[in-house]
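Colleague: only geometry, no sequence info:
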């Protein structure tokens, strides 16, 4: 009995230690999903949990990088919250992923007017691009303000040794473009489209021709399935005919 009690005590202590270490990581302001493709466009959500039991989060400010400016940024309306997109002049002209030189870009977004109560979290969605092609990540320093007037800055960049900072900033990892998928540069809208200008059909959308391998495979599959269905139908008819014959030749009493 003592062995069981000791085992339970050790398990309880280990569980407490595990959750105690994991809890702070869950309370950070993060960007989700945490990765996107270089040169493409993406939609992310800045997830903000409320860490206080006696105050609500009433303001969120997210800073955007000026060394890798994002020219086109838009926010998804959030009931109860007002979003202000702030643009500013860059320290020096920068070329975007499409080769355009820009001197101004979005420097921050500020959400106010709503609140995140204790025990709750909120997600603030943003669409942005084009993402830089020559960067491995984008850091978005965030500032969280509470109704108690407490201000918490999540602005520490990732450490070189891989360990987590005390107040880590939200980080979007950038991966090499695969040439496929929603985040790929070839499948992303160009600045002309983002600005509302007409553009020719995207070359990344290739229709399957009637005589293409994909079409042939589909046709073969359809024929096989049709033949199988016909065979099942013939067998069913045969069984029905045999049943009728047996019923018709049954001797009379």
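Modeller: That came through, no problem. Everything numeric in this text was worked out from a predicted model, so none of it was measured.
Colleague: Strands of the chain, residue ranges please.
Modeller: 30-32, 35-37, 42-49, 57-63, 72-75, 82-95, 101-116, 121-129, 137-139, 142-146, 151-154, 171-175 (DSSP state E).
Colleague: Using JSON lines, lay out those strands together with mean neighbour count.
Modeller: Every C-beta, even on glycine, is put in place using the N, C-alpha and C of the backbone. Putting the strands of the chain into JSON lines (neighbours: other Cβ atoms under 10 Å) gives the following:
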{"stretch": "strand 30-32", "mean neighbour count": "20"}
{"stretch": "strand 35-37", "mean neighbour count": "20"}
{"stretch": "strand 42-49", "mean neighbour count": "19"}
{"stretch": "strand 57-63", "mean neighbour count": "20"}
{"stretch": "strand 72-75", "mean neighbour count": "16"}
{"stretch": "strand 82-95", "mean neighbour count": "13"}
{"stretch": "strand 101-116", "mean neighbour count": "16"}
{"stretch": "strand 121-129", "mean neighbour count": "18"}
{"stretch": "strand 137-139", "mean neighbour count": "19"}
{"stretch": "strand 142-146", "mean neighbour count": "20"}
{"stretch": "strand 151-154", "mean neighbour count": "16"}
{"stretch": "strand 171-175", "mean neighbour count": "17"}
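Colleague: check contacts around the residue lying closest to residue 77 once chain neighbours are set aside.
Modeller: For residue 77, ignoring the flanking residues on the chain, the nearest one in space by Cβ to Cβ, 6 or more residues apart in numbering is residue 83 at 7.6 Å. By Cβ atoms under 8 Å, 6 or more residues apart in numbering, the contact list for residue 83 reads 75, 77, 109-111, 124.
Colleague: one step back: and of the strands of the chain, who's closest to residue 163?
Modeller: strand 171-175 (13.8 Å; Cβ to Cβ).
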